[in-house]
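**Q** sequence first, then the predicted structure:
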Amino acid sequence: MFAGLCDKLFDIDEKLNIVPQLATGYEWKDPTHLLIRIRPNVLFQDGEKLDAEAVKYKLNRDLTTKGSMRRGEISSIDTIEVIDPLTVMLTLHAPVIAICWPH
């Protein structure tokens, strides 16, 4: 149901490829640092801008809110840093598996 109501930073297509939605893309800086670039000029339904601060707030809320249904999905995130208004860097607790690395 939520997929029909909410846009995501990324989705997965029928061939299991990562497809940007609210993000324009991502880049692994190393096995524990992931840069996510946010699509410019996106607004929430109340007119507020979607930016890196909003992404950081949402991810932190999902990580820390009691009873969060998303915590398990993103529990590998250690810190979230705003690099610029349209870029967020996630630092992970441990390196990701090799399948996520570009070949």
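**A** The structure has been received and is ready for your questions.

**Q** output the lowest mean pLDDT helix or strand found in the protein.
**A** Ranked by mean pLDDT, DSSP states H and E, the helix or strand of the chain with the weakest confidence is helix 2-5, at a mean of 58.

**Q** next SSE downstream of it?
**A** Next in sequence after helix 2-5, counting helices and strands by DSSP states H and E, comes strand 10-12.

**Q** now the lengthiest helix in the chain, how far from the chain's geometric center?
**A** As assigned by DSSP state H, the longest helix anywhere in the chain is helix 52-64. Taking Cα atoms, centre = their mean, to the nearest Å, one finds the center of helix 52-64 at 9 Å from the center of the full chain.

**Q** shaky segments in this protein?
**A** 1-5, 97-103 (pLDDT under 70).

**Q** strands of that one, start to end?
**A** For the chain, the strands defined by DSSP state E occupy 10-12, 18-20, 23-30, 33-38, 77-84, 87-92.

**Q** out of these, which is closest to residue 62?
**A** Closest to residue 62 of these is strand 77-84 (Cβ to Cβ; 9.1 Å). C-beta coordinates here come from the backbone N, C-alpha and C atoms, glycine included.

**Q** partners of that closest one, with directions?
**A** Each strand paired with strand 77-84, and its direction, by DSSP bridges: strand 87-92 (antiparallel).

**Q** what comes up buried for the partner strand?
**A** In terms of neighbour count (16 or more other Cβ atoms under 10 Å), strand 87-92 has its buried residues at 87, 88, 89, 90, 92.

**Q** same check, this time on stretch 50-69
**A** 50, 51, 52, 54, 55, 56, 59, 62.

**Q** and the strands of the chain as a markdown table, adding distance to residue 70?
**A** Shown next, in a markdown table, are the strands of the chain (distance: least, Cβ to Cβ, whole Å):
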| stretch | distance to residue 70 |
| --- | --- |
| strand 10-12 | 14 |
| strand 18-20 | 18 |
| strand 23-30 | 16 |
| strand 33-38 | 16 |
| strand 77-84 | 11 |
| strand 87-92 | 14 |
